[in-house]
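Asker: here are the coordinates; sequence isn't available:
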């Protein structure tokens, strides 16, 4: 379910032009630790506050901007202390601080503050930029209108500890420099807005951003960068629930390696070809296709990609053996490197490192770029659910060993095959390992010295599952039983499974 939100591009000055960025607290579930524009979700009271000069914002979208304008002014005041309301009696600084504290404590509302001071919100202070929706790789999605607000040179933000860590006005080029240097994380699509703002005059920036956003609304792939040098885009695939999409990645800057072009439906593949053609038109070089593993929801567009662009395809030998229709250039080996050229900050040579980490599939590999240490892990980790280890081609004991290795190198972001990226990669791996341990303890508690068939064990361990999930749960349960039998804790009999001793 998408939540309706507003984000405010607050611009101070013109030469140099600066924008207000705030750092979200690292403990927040959504984009914790990232720099972003101030903003938040719309609240019911936003609908009830009147706005002057609203007609100047109306356009062909036929959108009622009133609650977005109110929410923008309210969120700016809550998060940064910046007061945009107007009226005959502007409150003193001390009074505003008291109002803000009481508002954050839930004692008074934004409407109360406006009424007490005879203040109002003027739509003339805001310019609509674009509407962008969080892509479907995330379980937490926001349908966000970006509004712009210009403010005097003396405007400053006052961040109180809580949801935000700090905020500052900064030139877009300087913010992007920090991002390239690995000194800051910047939330997508803020990266895109900053890049366009740093390279264009104001009018062409507004036109370009609206053009990009309208393309996204039509289904064009959104270029999301959670870390520098890793483009991420979700592709609709026939994957396992709760996922509906598989993440595609293009790693590099001038020369790109394409990882898991997953779409199997021609309309979805067309989005990929449009993206590839744009990258080529920008002067990028497509060096090849890399596969994390050979499951159908990760390889759907590989053959057509190879036919259209003549790109070499690489996978682990065990993956290649399961895909006889694909022509492979060579096989991926553990600790192999691919050259990415110079790193985005112009530093040391940049590589893409390969790790063979089986368990989910025999030939499963992960990739780590060497500048920012971001890991692309395929189906080793998911931020949507636990990973299925299917005994048909997976092995739980081997998978757990792969997680242990992954944890030892996870000192940056983790990009999963399904779901949003995870900032603290090592914690994500540890959570996956702990989940497996808890599931094994549940299974051991469900077993007894008396043999039991799969069905009652399934109900004891997983509870009342929806019918669409039962077959996946059963396969996962069987993987757990196989591990316990290999360790000598469980044995299989004609009547079912029982504890040993």
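Answerer: Now that the structure is in, tell me what you want to look at. Everything numeric in this text was worked out from a predicted model, so none of it was measured.

Asker: quick one: average pLDDT of stretch 8-18?
Answerer: Stretch 8-18 carries an average pLDDT of 90.

Asker: so what touches that stretch?
Answerer: Stretch 8-18 is contacted from outside by 19-20, 37-39, 72, 75-76, 82, 129, 146-153, 155, 169-172, 193, 197, using C-beta atoms under 8 Å, 6 or more residues apart in numbering. Any C-beta I mention is one placed from the backbone N, CA and C, and that applies to glycine too.

Asker: same question for stretch 465-480.
Answerer: 240-241, 386, 388-392, 394-396, 439-440, 443, 454, 457-458, 461-462.

Asker: before we move on, back to that, narrow the contacts of stretch 8-18 to those that are buried.
Answerer: Using 16 or more other C-beta atoms under 10 Å as the burial test, these include 19-20, 37-39, 72, 75-76, 82, 129, 146-151, 155, 169-172, 193, 197 as buried.

Asker: restricted to strands, list those residues.
Answerer: When DSSP state E defines the strands, the subset of these inside them is 19-20, 39, 129, 146-151, 169-170.

Asker: among those, which one lies nearest to residue 204?
Answerer: residue 129 (13.1 Å; C-beta to C-beta).

Asker: pretty sure the closest one sits against residue 146.
Answerer: Yes - with contact defined as C-beta atoms under 8 Å, residue 129 reaches residue 146; the gap is 4.3 Å.

Asker: what do these two both touch?
Answerer: 9, 193, 209.

Asker: among the residues you listed, which one lies nearest to residue 339?
Answerer: Nearest to residue 339 among these: residue 193, at 31.1 Å, using C-beta to C-beta.

Asker: the strands in the stretch 151-300 of the chain, which residues?
Answerer: Using DSSP state E, counting those that start in this stretch, the strands of the stretch 151-300 of the chain run over 164-170, 224-225, 230-236, 245-252, 255-259, 285-290.

Asker: identify whichever of these lies nearest to residue 494.
Answerer: So among the strands of the stretch 151-300 of the chain, strand 245-252 is nearest, using C-beta to C-beta, at 40.5 Å.

Asker: quick check: neighbours of that closest one in the sheet, parallel or antiparallel?
Answerer: strand 230-236 (antiparallel), strand 255-259 (antiparallel) (DSSP bridges).

Asker: closest to residue 142 out of these?
Answerer: strand 230-236 (15.2 Å).

Asker: moving C-terminal of the worst-scoring helix or strand of the chain on mean pLDDT, what's the next helix or strand?
Answerer: Here the helix or strand of the chain ranked lowest by mean pLDDT, DSSP states H and E is strand 86-87, holding a mean of 86. Moving toward the C-terminus from strand 86-87, the next helix or strand (DSSP states H and E) is helix 93-104.

Asker: helices or strands next to the least confident helix or strand of the chain in the packing?
Answerer: strand 119-122 (3 or more C-beta pairs under 8 Å, 6 or more residues apart in numbering; DSSP states H and E).

Asker: got the residue ranges for the helices in this protein?
Answerer: 66-80, 93-104, 110-117, 172-180, 190-199, 202-217, 266-281, 302-309, 317-321, 396-409, 425-446, 454-462, 467-486 (DSSP state H).

Asker: the least confident helix or strand of the chain: partners in the sheet, and parallel or antiparallel?
Answerer: Applying DSSP bridges, strand 86-87 is found paired with strand 119-122 (antiparallel).

Asker: residues contacting the partner strand, please?
Answerer: Counting by C-beta under 8 Å, 6+ apart, 49-53, 69-70, 73, 84-87, 89-91, 113-114 sit against strand 119-122.

Asker: pull out the buried members of these.
Answerer: 49, 51, 69-70, 73, 84-85, 91, 113-114.

Asker: could I get those residues as CSV with pLDDT and distance to residue 250?
Answerer: Shown next, in CSV, are the buried ones among the contacts of strand 119-122 (pLDDT from 0 to 100; distance: C-beta to C-beta, whole Å):
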residue, pLDDT, distance to residue 250
49, 93, 44
51, 92, 42
69, 95, 37
70, 96, 39
73, 96, 39
84, 92, 40
85, 91, 45
91, 79, 50
113, 93, 47
114, 93, 47
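
Asker: which among those gets closest to residue 481?
Answerer: Once C-beta to C-beta is applied, the member of those that ends up nearest residue 481 is residue 70, at 56.9 Å.

Asker: the residue nearest to residue 285 when sequence neighbours are not counted: neighbouring residues, count only.
Answerer: Excluding the flanking residues, the one nearest residue 285 by C-beta to C-beta, 6 or more residues apart in numbering is residue 255, at 4.5 Å. Per other C-beta atoms under 10 Å, the neighbour tally for residue 255 reads 17.

Asker: output the strands of the stretch 151-300 of the chain as TSV; include the columns distance to residue 3.
Answerer: Output for the strands of the stretch 151-300 of the chain, formatted as TSV (distance: least, C-beta to C-beta, whole Å):
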stretch	distance to residue 3
strand 164-170	19
strand 224-225	18
strand 230-236	18
strand 245-252	19
strand 255-259	30
strand 285-290	35
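
Asker: thought residue 77 was touching residue 104?
Answerer: No - look at residue 77 against residue 104 with C-beta under 8 Å: they stay out of range, at 9.9 Å.
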